[in-house]
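Chemist: please find the sequence and the predicted model below.
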Amino acid sequence: MLKVTALLALAVALGFAVAGSSTPITDKDLASEENLWDLYEQWRSHHTVARDLEDKRRRFNVFKNNVKYIHEINKMDKPYKLKLNKFGDMTREEFRSTFAGSKIDHHQMFRGSRRGKFTYQNADPPRSIDWRQKGAVTEVKNQGSCGSCWAFSAVAAVEGINQIKTKQLVSLSEQELIDCDTKYDYGCSGGIMQHAFEFIQQNGGITSEENYPYVGKDGQECNVKKHSQVAAVIDGYEVVPIGETSLMKAVAQQPVSVAIEGSSRDFMFYSEGVYDGECGVHLDHGVAVVGYGETKEGQKYWIVKNSWGAEWGEKGYVRMAINGTKYPVGICGIEAMASFPIKTSSSSGHEELPLKDEL
């Protein structure tokens with residue numbers, strides 16, 4: 001849902017070592033049920049996983065299957081590697097239901113292609129850009145077991161344009177969106193980034209993370225007082241027309257919210273490199289594109305900020321391949337449903353709005 005540390009990456013043997021150990025896992029180790037069970041116990045200890053005996057045995061079989069899968073993928077000549085992370089004893093179906101549920105449907109997927117206006121149509125994007133280096137990206141956050149990726153994606157984009165316009169980088173509140181943006185979005189059960197932008201605009205802004213901290217839970221009443229203490233404002237949002245060129249033009253100007261299929265097994269265990277794994281366009285995860293670049297070998301990629309903590313991927317990020325015509329709407333559907341907030345003034349908000357009886 002739109003909802004990690006690992007045993008360190010190795011090269012060909014498996015792609016990880018046991019937490020707290022530099023000893024690699026070999027093919028021989030993987031062939032031993034007893035050694036796999038020892039590995040599972042170490043993994044459980046590292047991730048403080050509590051299970052009853054029956055569930056533990058069932059989970060071990062899932063864990064074993066995932067370990068072998070990671071091993072096989074890392075032996076292949078792929079431009080990316082996998083590692084065992086905190087999702088190690090989850091099936092793909094369990095992972096999708098918990099961490100990938102953005103409520104995005106395929107009718108909305110092509111909204112961008114029907115929009116006549118595109119602010120950055122005539123932009124001339126540079127060869128590469130990284131908004132992290134320009135101070136427009138906050139540290140990687142962790143949505144936990146709440147399916148709130150839509151909120152993290154939208155907030156990352158608002159944080160970016162707010163910094164670009166005000167020169168102040170303020171970490172904004174995802175929890176406010178979970179608690180207060182409930183007309184069209186569903187908190188930990190998913191949501192859509194465009195709805196979040198509409199909510200922020202219509203309610204006069206969004207407050208800071210410090211003022212309204214993340215708890216990763218549903219069912220809380222909207223804290224009206226905190227909600228009224230604005231830290232950033234926007235003037236609306238715009239949908240990016242579908243396509244690599246349009247998305248690049250937009251990202252060259254500001255961080256952009258995108259939806260992807262984030263529930264593939266390779267993406268689940270992604271560790272490093274340029275990701276070009278198999279995935280479809282079942283858009284189920286919200287992330288933010290904060291730049292793009294190119295490897296020494298000439299492979300272009302998007303720089304994508306995720307919300308699964310800094311221990312997933314490349315310190316919380318994934319580089320996703322830009323492959324031209326190979327994927328009609330980009331890898332994992334990344335070009336299909338991109339949007340960005342509009343902000344025309346240098347005002348950062350920082351004012352208290354009149355309290356509303358209803359939100």
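Modeler: Yes, it's here. Remember, predicted model here, so these are calculated numbers, not experimental data. Numbers count the residues shown, from 1 in each chain.
Chemist: for this structure, where's the lowest mean pLDDT among helices and strands?
Modeler: helix 106-109 (a mean of 46; mean pLDDT, DSSP states H and E).
Chemist: ok, the helix or strand that it is followed by: who's next to it in the sheet?
Modeler: Using DSSP states H and E, the helix or strand that follows helix 106-109 in sequence is strand 129-130. Counting by DSSP bridges, the strands paired with strand 129-130 are strand 285-294 (antiparallel).
Chemist: any buried residues in the strand it pairs with, and which?
Modeler: 285-293 (16 or more other C-beta atoms under 10 Å). C-betas here are computed from N, CA, C, even on glycine.
Chemist: and stretch 176-191, by the same measure?
Modeler: Buried-residue list, stretch 176-191, by 16+ other C-beta under 10 Å: 176-181, 185-188, 190-191.
Chemist: how long is it end to end?
Modeler: 13 Å (C-alpha to C-alpha, to the nearest Å).
Chemist: contact partners of it?
Modeler: Around stretch 176-191, the neighbours that count as contacts under C-beta atoms under 8 Å, 6 or more residues apart in numbering are 1-3, 101-103, 146-148, 150-151, 154-155, 192, 195-196, 198-200, 203, 206-207, 212, 216-223, 226-227, 286, 359.
Chemist: possible to save the buried residues of strand 285-294 as CSV with pLDDT and distance to Tyr237?
Modeler: Shown next, in CSV, are these (pLDDT from 0 to 100; distance: C-beta to C-beta, whole Å):
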residue, pLDDT, distance to Tyr237
His285, 95, 19
Gly286, 96, 14
Val287, 98, 16
Ala288, 98, 13
Val289, 98, 15
Val290, 98, 17
Gly291, 98, 20
Tyr292, 98, 21
Gly293, 98, 26
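Chemist: for the residues you listed, give me a markdown table that also has distance to Ala336.
Modeler: A markdown table is the format used below for the buried residues of strand 285-294 (distance: C-beta to C-beta, whole Å):
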| residue | distance to Ala336 |
| --- | --- |
| His285 | 12 |
| Gly286 | 12 |
| Val287 | 13 |
| Ala288 | 15 |
| Val289 | 13 |
| Val290 | 18 |
| Gly291 | 19 |
| Tyr292 | 17 |
| Gly293 | 22 |
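Chemist: touching, Phe87 and Arg265? I think so.
Modeler: No - using C-beta atoms under 8 Å, Phe87 is not in contact with Arg265; the gap is 9.7 Å.
Chemist: identify the contacts common to those two.
Modeler: Residues touching both Phe87 and Arg265 (C-beta under 8 Å, 6+ apart) are Asn66.
Chemist: spatially central residue in the protein, please.
Modeler: Nearest to the centroid of the C-alpha atoms of the chain, with distances taken as C-alpha atoms, centre = their mean, sits Asn306, at 2.7 Å.
Chemist: give me the phi and psi for it.
Modeler: The phi and psi torsions at Asn306 (degrees, to the nearest 10) take the values phi -100, psi 180.
Chemist: distance of it from His285?
Modeler: 8 Å (C-beta to C-beta, to the nearest Å).
Chemist: what do the two both touch?
Modeler: Contact criterion C-beta under 8 Å, 6+ apart; residues shared by Asn306 and His285: Gly262.
Chemist: show me the shaky parts of the stretch 201-350 of the chain.
Modeler: 348-350 (pLDDT under 70).
Chemist: in it, which spans are strands?
Modeler: Secondary structure of the stretch 201-350 of the chain (DSSP state E, counting those that start in this stretch): strands located at 229-230, 236-239, 256-260, 270-275, 285-294, 300-305, 317-321, 339-342.
Chemist: gap between the fourth one and the chain center?
Modeler: The gap between the average C-alpha position of strand 270-275 and the chain average comes to 14 Å, counting by C-alpha atoms, centre = their mean, to the nearest Å.
Chemist: show residues contacting that strand.
Modeler: Contacts of strand 270-275 (C-beta under 8 Å, 6+ apart): 6, 9, 15, 78-83, 85, 266-267, 277, 295, 299, 301, 312-314, 318-321, 331.
Chemist: let's see it at 6 Å
Modeler: Outside strand 270-275, the residues that touch it by C-beta atoms under 6 Å, 6 or more residues apart in numbering are 9, 79-83, 299, 301, 313-314, 318-321.
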